[in-house]
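# Can you look at this prediction? I've put the sequence above it.
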Amino acid sequence: MPTTFARAADVLAAVGADLGVTEWLTIDQRRIDLFAEATGDHQWIHVDPVRAKDGPFGTTIAHGYLTMSLANYFLPALARYDNLKMGVNYGVDKVRFPAPVKVGARVRGHGLVLAVQEVGGGVQATVRVTMQVEGEERPGCVVDTISRLFFNE
């Protein structure tokens, strides 16, 4: 269940808040192949299961940027903004890929509000999304997302 924010002041007060975790999402080969098609990154470690079986990971792995892009998939499950006029992705501050995400793995997002500041009639929130991989010690991705949020106040 996402944490709900109804106004800018609620977001400003949330620095340090743990937003919890999302439901698990299975990373299947179809998702990897579609990402490869969309980005033109057809490296064999991602799209060739036969060759990847003998590669360094024993199977195909998700692209790092595919794993990072799931932050956008998980954010609405971590935080809900009621009374929002507009929200925009402003960018990211820091991205790391500590471990590969193998095909068939289940991942989920864990959210932590790192910083919030007022900007031009709204707030800018930095939320760290950690892509946890079921059964693995290290995450597949850690990304500090930056969103600008403008409320109807």
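Received it, and whenever you're ready, just let me know what you need. Numbering: from 1, shown residues only.
# contacts and neighbour counts: CA atoms only from here.
Noted.
# could you measure Ile61 against Val143, distance?
Distance, Ile61 to Val143, by CA to CA, to the nearest Å: 19 Å.
# Which one's more surrounded, these two?
Regarding Ile61 and Val143, a neighbour count based on other CA atoms under 10 Å identifies Ile61 as having more, with 25 against 22.
# Spatially nearest residue to the more buried one, not counting backbone neighbours?
Closest residue to Ile61 apart from its sequence neighbours, by CA to CA, 6 or more residues apart in numbering: Lys102 at 4.2 Å.
# Show me where the protein has its strands.
Read by DSSP state E, the chain holds these strands, from start to end of the chain: 3-5, 18-21, 25-26, 79-81, 84-96, 106-119, 122-133, 141-151.
# Centre of the chain to the biggest helix by length in the chain, how far?
In the chain, taking DSSP state H as the definition, the longest helix is helix 64-78. Using CA atoms, centre = their mean, to the nearest Å, the mean C-alpha position of helix 64-78 is found 3 Å from that of the whole chain.
# Many thanks, have a good one.
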